[in-house]
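# structure for this input, please:
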Amino acid sequence: MRRRNISIFLILSAFLFILFALDLLTGSSSISFSEVFRAICGGDVPASVSRIVLGIRLPKALSAILAGAALSVSGLQMQTLFANPLAGPYVLGINSGASFGVAMFILGMPLLGVSASSGSIVSSLGVAGAAWIGAALILAAVAFAGRRVRSILVILVLGMMLSSAVDSVVQILQYMSNEQALKSFVVWTMGSLSDVTPVQLCVMACSVSAGLLISVGRIKDLNMWLLGETYSRTMGLNVIRSRNMLFLSTVLLAGTVTAFCGPVGFVGLAVPHICRALFREADHRVLLPASVLTGASLLLLCDIVSKLWVVPINSITALLGIPVVVWVVLENKTFA
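Residues are numbered from 1 along each chain as shown. Coordinates of the predicted model:
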């Protein structure tokens with residue numbers, strides 16, 4: 001089994017590298033592999049080629065890797081923590097909470113006479129901070145309900161209701177906002193990897209890395225959570241501290257991606273199940289790195305397809321993720 005896992009990890013790593021190269025080659029302008037390679041290595045290439053590769057395609061590909069890894073790991077953590085196969089940043093309303101925070105920043109700040117223009121480090125941190133706060137509020141509400149209600153169905157319905165309430169408030173903000181702020185927010189809601197600026201990419205890389213480090217440090221906790229909260233406590237796990245750290249990790253991962261890439265759905269829900277099916281494992285020492293590789297590869301693939309068909313990346317992630325959701329529902333006959 002160990003040899004089989006190593007083989008799958010090698011295949012996933014090779015697949016990730018191939019998709020990363022294809023993503024750099026895919027676009028409206030035809031650029032050869034040698035030109036892409038020379039542009040990245042600082043070789044002699046036309047200025048237009050260097051601008052396209054280094055200024056557009058490379059940041060977009062790196063954003064796809066970071067976003068795919070972050071959403072997948074956050075989904076894995078939520079499914080384990082809530083013992084819920086349909087848990088994920090999108091389904092539980094965490095993405096909606098982050099969206100609410102971003103809406104408050106983009107739409108609310110101009111109403112107070114404060115500019116929320118993008119591009120600066122202060123603006124990037126403001127958007128990220130607003131998304132973290134919004135995601136944390138929704139996650140705290142769902143967690144509070146989850147401790148009192150054990151029904152998976154009730155928790156999922158609560159997540160959807162919170163999302164609807166948040167969406168209503170966002171619509172009110174949209175109605176009250178000026179044209180420029182409204183246009184910026186509508187474009188953001190479509191979900192895109194191409195609008196991430198170099199400053200935002202740096203903030204995103206730091207935040208996602210911090211979230212992943214917390215996840216890696218809590219792998220043992222995640223394995224204990226599989227046995228249930230009561231048994232984990234008897235095994236010596238500090239349940240409150242562990243839960244809070246996993247919440248912090250999820251807020252950093254899902255909140256940051258939503259802040260800079262928009263609400264990208266279904267990746268966090270689908271990828272953990274794909275990894276469980278591939279490795280036939282429940283051990284998070286296997287599932288966590290597998291989710292990083294698979295999530296990054298999946299979002300790179302979605303980015304390539306979105307470039308070829310010229311459609312929003314959210315449409316592609318939904319088309320790939322919904323069949324996985326249907327499969328999970330059919331496999332889990334009861335949700336009460």
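# excluding its backbone neighbours, what's nearest Gly43?
Phe37 (7.6 Å; Cβ to Cβ, 6 or more residues apart in numbering). To be clear about C-beta, it is placed using only N, CA and C from the backbone, and glycine gets the same treatment.
# which element is the most centrally placed residue in the chain on?
By Cα atoms, centre = their mean, the chain has its centre lying nearest to Leu71, at 2.7 Å. When elements are defined using DSSP states H and E, Leu71 is found to belong to helix 58-81.
# again with Arg3
Mapping Arg3 onto the secondary structure by DSSP H and E places it in helix 2-25.
# who's in contact with that helix?
Counting by Cβ atoms under 8 Å, 6 or more residues apart in numbering, the neighbours of helix 2-25 from elsewhere in the structure are 31, 33, 36, 40, 53, 57-58, 60-61, 64-65, 278-279, 281, 286, 289-290, 293-294, 296-297, 300-301, 303-304.
# now intersect these with the helices, please.
When DSSP state H is applied, the contacts of helix 2-25 are split such that 33, 36, 40, 58, 60-61, 64-65, 278-279, 286, 289-290, 293-294, 296-297, 300-301, 303-304 fall in helices.
# mind checking which of those are buried?
Buried subset of the ones in helices among the contacts of helix 2-25 (neighbour count, 16 or more other Cβ atoms under 10 Å): 36, 58, 60-61, 64-65, 278-279, 286, 289-290, 293-294, 296-297, 300-301, 303-304.
# just for the chain, where's the confidence low?
Across the chain, the ranges flagged by pLDDT under 70 are 1, 91, 110-122, 146-147, 149-156, 190-191, 332-336.
# so what's the gap between the longest helix that it contains and the chain middle?
Assignment by DSSP H gives helix 121-148 as the longest helix of the chain. What separates the centre of helix 121-148 from the centre of its chain is 14 Å, taken as Cα atoms, centre = their mean, to the nearest Å.
# after that helix, next one along is what?
Going C-terminal from helix 121-148, and assigning secondary structure by DSSP H and E, you next hit helix 152-176.
# run the angle between that next one and helix 121-148 for me.
Interaxial angle, helix 152-176 versus helix 121-148 (axes from the mean of the first three to the mean of the last three Cα atoms, to 10 degrees): 150 degrees.
# what sits against Asp303?
Contact analysis of Asp303 by Cβ under 8 Å, 6+ apart lists Asp23, Lys60, Ala61, Ala64, Leu193, Ile313.
# leaving out chain neighbours, which residue sits closest to it?
In this structure, Asp303 finds its nearest non-sequential neighbour in Ala64, 4.7 Å apart by Cβ to Cβ, 6+ apart.
# and that neighbour, how far from Ser192?
Taking Cβ to Cβ, to the nearest Å as the measure, Ala64 falls 11 Å from Ser192.
# kindly report the same for Ala181.
18 Å.
# between those two, who's got more neighbours?
When Ala181 and Ser192 are compared on other Cβ atoms under 10 Å, the one with more neighbours turns out to be Ala181, at 23 against 20.
# that one is in contact with Leu107, isn't it?
Yes: under the criterion of Cβ atoms under 8 Å, Ala181 makes contact with Leu107 at 5.2 Å.
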